[in-house]
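# Everything below, folded, please.
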Amino acid sequence: MSTVYVEVTTIIVTTITIIEGKLLVARVPVLDPEWSGQRVATEEKLESESTSAPVTDSGFCHSESCSDASSVPSSSATFTSFMIGDPFTFVLLNEKEGRVKVCNGSFCCHLQYKRISQGDSEELYAFGAFAGLHTLDGDLSLQVCALIRCAGLDPSSCGQEVEEAETKMDFVMEGKFGTRYVYPSVLASQMVIEEVKHFDKSADGRVTLKHSDITAGLVTACLYGRMYHLDHE
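Numbers count the residues shown, from 1 in each chain. Below you'll find the model as predicted:
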C-alpha cells in the first residue's frame, strides 16, 4: 500500500494511492490568504455535518461497550514498521475477531473487529498508531489510527504498497485525539473509496469510525487527525 496524506480546499483529508503514476485524488497546493481565513469556518461546518448521523449497530456487536475498548490493555506484541515514511506502532490481528489497543507514545487507538474471510485466502492485517511530524511530502503534524492489510505474511511487509484484498472486515475504530480536525477513510480492494456512514466525535476528543458490509476486501481504514497548531513548532 502506498498511502499519501493530502489536504484539499474542501478540508476533507483522506488517504490516496499512487497507481502507475496516477492519483486518485488531486492535491491543491496553493493556500491563498483569503482561503486560509475561511478555513476554520468551513471545517466547523464539515464537522457539524459529519456528526449529524449517530453511530449505529453494525450487526456484529451487541454490547454497550462495543466502541469503548478502554479496558483492553495495550498489546505487548507490538512492532514498528514504516508507512509513508512514518514509524507506526503496529499490532497484528491474528484472530478471526477480537479487540486490540495500540499506542504510539501517549496516543492510543482501539479496535474491535470481525474478519470475514473469502475462500482460502490468507492475508495478514495489522492495526497501528502514529503521532508525530510527517515530513515526507511537507511538515504535517499528525495523529493517525490505521487498520491495514500487509503486503505479505511477514510483519515487515506491513505498511508496504497494497492495492487488492479479499478479506472483508466489520470493525469499530476509536481514538482520543488532541484535535477536532479528524477525518475518516476506508479503501476497499482495487482502491475503491468506501462511503463512510457511521462516524462520530465527542466533546472530549474521542472519535469513532464504525464500518460494516464493505463492498470488497479491506485494503485500509484510518482516522486521520491533523494537528494544525503544531505544524510549525
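# how many neighbours does the residue lying closest to Tyr228 once chain neighbours are set aside have?
Taking C-beta to C-beta, 6 or more residues apart in numbering, and ignoring the residues beside it in sequence, Tyr228 has Tyr181 as its nearest neighbour in space, at 6.5 Å. (Each C-beta comes from the backbone N, C-alpha and C, glycine too.) The local packing of Tyr181 (other C-beta atoms under 10 Å) involves 20 other residues.
# Tyr181 and Leu230 touch, don't they?
No: when contacts are counted by C-beta atoms under 8 Å, Tyr181 is not listed as touching Leu230 (11.6 Å).
# doesn't Leu153 make contact with Glu122?
Yes: the pair Glu122 / Leu153 is scored as a contact, 6.9 Å apart, by C-beta under 8 Å.
# Would you double-check that His229 falls in a helix?
Yes: according to DSSP: H, G, I helix; E, B strand; the rest coil, His229 belongs to a helix.
# residues near it, how many?
Neighbour count of His229, defined by other C-beta under 10 Å: 11.
# After the one helix or strand Asp170 maps to, which helix or strand is next? Please name it.
With elements taken from DSSP states H and E, the one containing Asp170 is strand 168-176. Towards the C-terminus, the helix or strand next in line after strand 168-176, according to DSSP H and E, is strand 182-188.
# That following strand pairs with which strands, and in what direction?
Sheet pairing here is set by DSSP bridges, and for strand 182-188 it gives strand 192-193 (antiparallel), strand 218-226 (antiparallel).
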